[in-house]
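# quick one, fold the following:
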Amino acid sequence: MADTGSFLHKVFIEHPETVDETYFEHMRFAAGFSFWLAVAAGAALIHAAVPALCETTASTILKRLHARIEARH
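Residues are numbered from 1 along each chain as shown. As a prediction, this is how the structure comes out:
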């Protein structure tokens, strides 16, 4: 039988530690990242329907998110 503590550490703690974060710090970062990806997706969908709207919104958000990821590693 597998050690439950080891399993929980692997699933919830191991990855956040690789970016020098706690579980909750990592959750906050990932949730914020997810929020902005959803906003970018919405802007891209609006732009698809009406090309004159949100012309650079999605790409601007994605560039900022990319910069945040690059700054972490």
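# below-threshold pLDDT in the protein: ranges please.
Where the chain drops to pLDDT under 70, the residues are 1-2, 73.
# can we see that at 50?
1 (pLDDT under 50).
# buried sites along the host helix or strand of residue 48?
In this structure, residue 48 sits in helix 23-49 according to DSSP states H and E. Buried positions in helix 23-49, judged by neighbour count with 16 or more other CB atoms under 10 Å: 26, 29, 40, 43, 47. No exception for glycine: its C-beta is placed from N, CA and C like everyone else's.
# thought the third one was touching residue 61?
Yes - using CB atoms under 8 Å, residue 40 makes contact with residue 61 at a distance of 4.1 Å.
# report the central residue of this protein.
In the chain, the centroid-proximal residue (CA atoms, centre = their mean) is residue 33; its distance is 3.0 Å.
# ok, now how distant is the nearest residue to that residue once chain neighbours are set aside from residue 31?
Excluding its sequence neighbours, the residue lying closest to residue 33 (CB to CB, 6 or more residues apart in numbering) is residue 65, at 6.3 Å. Residue 65 sits 13 Å away from residue 31, going by CB to CB, to the nearest Å.
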